[in-house]
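Trainee: from the sequence below, what's the structure:
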Amino acid sequence: MRIVVLPGDGIGPEIAAATLAVLRAASERFQLGVTLEEHAVGHASLEMFGTTVRPDLIETVRAADGLILGPTATFDFKDEARGEINPSRYFRKNLDLFANIRPARTYPGRPARFGTFDLVVVRENTEGFYADRNMEQGNAELLVTPDVVVSLRRITRLCCERIAHAACRLAMKRRKRLTIVHKANVLKIGDGMFLDVCREAARGYPGLAVDDVLVDAMMAHVVRQPERFDVIVATNMFGDILSDLTAELSGSLGLGGSLNVGAKYAMAQAAHGSAPDIAGKDIANPISLILSMALLLAWNAERIGAPRFEAAAHGIEDAVAAAMREGRVTRDVGGTLGTTATGQAITDLLRSGASAS
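Mentor: The predicted structure follows:
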């Protein structure tokens, strides 16, 4: 498996290095034959090439078997005419990565303030209220007058159908429970279509239990009783907010894996930002990117029909769980280690075949 690695900005290079140490150990233990190809992106690329994403980089990624993108300083990149391209948006759009898979779970041995749970948010990734994802040209936020802004949302049947089926397929592999999150009582046409399409898709999966919850009520339910939920599907903005919440409920946003998936390509990406205030201090939590990388391996297992990649993904997840249980993690999740040492601890546990329980 050939993987392109783009370390990114801020803490990106640090957590990417820890992630690659784990990946190399997984490749050795499970005989994956992983090869890594690293390229600059973000500020490093802007300094070297005058653009945050080189034009030829997309073809390099398309020719590979997967992409790992570290966090980038997206807030800094405002003017594409000056080469300031948002790398995350660029790859999601050009590779048509329509599903953002965001698992969240608690870990044995760590405090579970909201109860134990294991769920996945499946977020539509290409349209909705996000101004940079729903127009062929230009921006979906309009400055009508200096005091009036209009933000447009695009919802299409095609995008509703493909995210609905992605969520249903995932739910059938888990506990066969799907929750549709929406605001169809107010956004009657857009969310109404999303809800109808999801319900129709779910009817094609015998044995799948389906319910739906209004997004505002969902925020209360998932805090009060997160163990109630298995797979949750939502439109872009609602899914973005909900997946950050569920990751934080598990203990930290730094524990939330994230995989962006399309019909042909997938991109592992940490759920959090580049955190420039702690960059270079060896205190950043690498677990989000490590778990995202594990999701990428599991996706490749299904793509090529190679169970050893699925076994490697489970092995990495078990090693993370063991590190959490033993407190061999960064301070933000109850440990005492730095970024590099946390990556090394997970690597050692992976090599030893540590179990999750």
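Trainee: strands of the stretch 1-150 of the chain, start to end?
Mentor: Using DSSP state E, counting those that start in this stretch, the strands assigned to the stretch 1-150 of the chain run over residues 2-6, 35-38, 66-69, 99-105, 118-124, 141-145, 148-151.
Trainee: now the third one, how far from the centre of its chain.
Mentor: Yep, that's strand 66-69 we're talking about. 11 Å (C-alpha atoms, centre = their mean, to the nearest Å).
Trainee: which other residues reach it?
Mentor: The list of residues contacting strand 66-69 from outside it, by C-beta atoms under 8 Å, 6 or more residues apart in numbering, reads 1-6, 8, 16, 19, 41, 61, 87-88, 91, 95, 265-269, 289, 292-293, 296, 299-300. All C-beta spots, glycine's among them, are computed from the backbone N, C-alpha and C.
Trainee: spatially nearest residue to the spatially most central residue of the chain (excluding sequence neighbours)?
Mentor: The centroid of the chain falls nearest to residue 258 when counting by C-alpha atoms, centre = their mean (1.6 Å). Among residues not flanking residue 258 along the chain, residue 271 sits closest, at 4.4 Å (C-beta to C-beta, 6 or more residues apart in numbering).
Trainee: surely the one you found meets residue 244?
Mentor: Yes: with contacts counted by C-beta atoms under 8 Å, residue 271 reaches residue 244, the gap being 7.1 Å.
Trainee: what touches both of the two?
Mentor: Contacts common to residue 271 and residue 244, judged by C-beta under 8 Å, 6+ apart, are 253, 256.
Trainee: so between the two, which is more surrounded?
Mentor: Neighbours were tallied for residue 271 and for residue 244 using other C-beta atoms under 10 Å; the higher tally belongs to residue 271 (25 against 17).
Trainee: how near is that one to residue 197?
Mentor: From residue 271 across to residue 197, the span is 26 Å (C-beta to C-beta, to the nearest Å).
Trainee: and what of residue 301?
Mentor: Distance from residue 301 to residue 197, by C-beta to C-beta: 28 Å.
Trainee: same thing with residue 295?
Mentor: Residue 295 is 25 Å from residue 197, by C-beta to C-beta.
Trainee: now do residue 94
Mentor: 25 Å.
Trainee: neighbour count winner among the two?
Mentor: Taking neighbours as other C-beta under 10 Å, residue 94 and residue 197 compare with residue 197 leading, 22 against 15.
Trainee: wait, the more buried one touches residue 164, no?
Mentor: Yes: using C-beta under 8 Å, residue 197 makes contact with residue 164 at a distance of 5.6 Å.
Trainee: burial count for the closest residue to residue 338 other than its chain neighbours?
Mentor: Ranked by C-beta to C-beta, 6+ apart and with sequence neighbours excluded, the top spatial neighbour of residue 338 is residue 282, at 3.9 Å. For residue 282, the neighbour count with other C-beta under 10 Å is 16.
Trainee: please name the residues that touch residue 282.
Mentor: 14, 338, 339, 340.
Trainee: then residue 328?
Mentor: With C-beta under 8 Å, 6+ apart, residue 328 has these contacts: 335, 337, 341, 342, 345, 346, 349.
Trainee: want to throw these into CSV with neighbour count?
Mentor: Listed next are the contacts of residue 328 as CSV, based on neighbours: other C-beta atoms under 10 Å:
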residue, neighbour count
335, 19
337, 19
341, 16
342, 29
345, 23
346, 29
349, 24
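Trainee: just the ones of the residues you listed in helices?
Mentor: With helices defined by DSSP state H, the entries of the contacts of residue 328 inside them are 341, 342, 345, 346, 349.
Trainee: my guess is residue 201 contacts residue 166, does it?
Mentor: No: taking contacts as C-beta under 8 Å, residue 201 lies outside contact range of residue 166: 9.5 Å.
Trainee: show me which of those two is the more surrounded one.
Mentor: residue 201 (24 against 20).
Trainee: nearest residue to the more buried one in space, please, no chain neighbours.
Mentor: Nearest residue to residue 201 in three dimensions, chain neighbours excluded: residue 164, at 3.8 Å (C-beta to C-beta, 6+ apart).
Trainee: which secondary structure state does that neighbour sit in?
Mentor: When classified by DSSP: H, G, I helix; E, B strand; the rest coil, residue 164 comes out as helix.
Trainee: so what's it up against?
Mentor: Counting by C-beta under 8 Å, 6+ apart, residue 164 has contacts 197, 198, 200, 201, 202, 233.
Trainee: so where is the stretch 101-250 of the chain shaky, pLDDT-wise?
Mentor: 131-134, 136, 138 (pLDDT under 70).
Trainee: enumerate every residue touching the nearest residue to residue 166 once chain neighbours are set aside.
Mentor: Distance criterion C-beta to C-beta, 6+ apart; nearest residue to residue 166, sequence neighbours excluded, is residue 99 at 4.5 Å. Each residue near residue 99 by C-beta under 8 Å, 6+ apart is listed here: 122, 123, 124, 125, 162, 163, 166, 260, 261, 262.
Trainee: about what we covered before: just the contacts of residue 328: which has the poorest pLDDT?
Mentor: On pLDDT alone, residue 335 ranks lowest of the contacts of residue 328, at 94.
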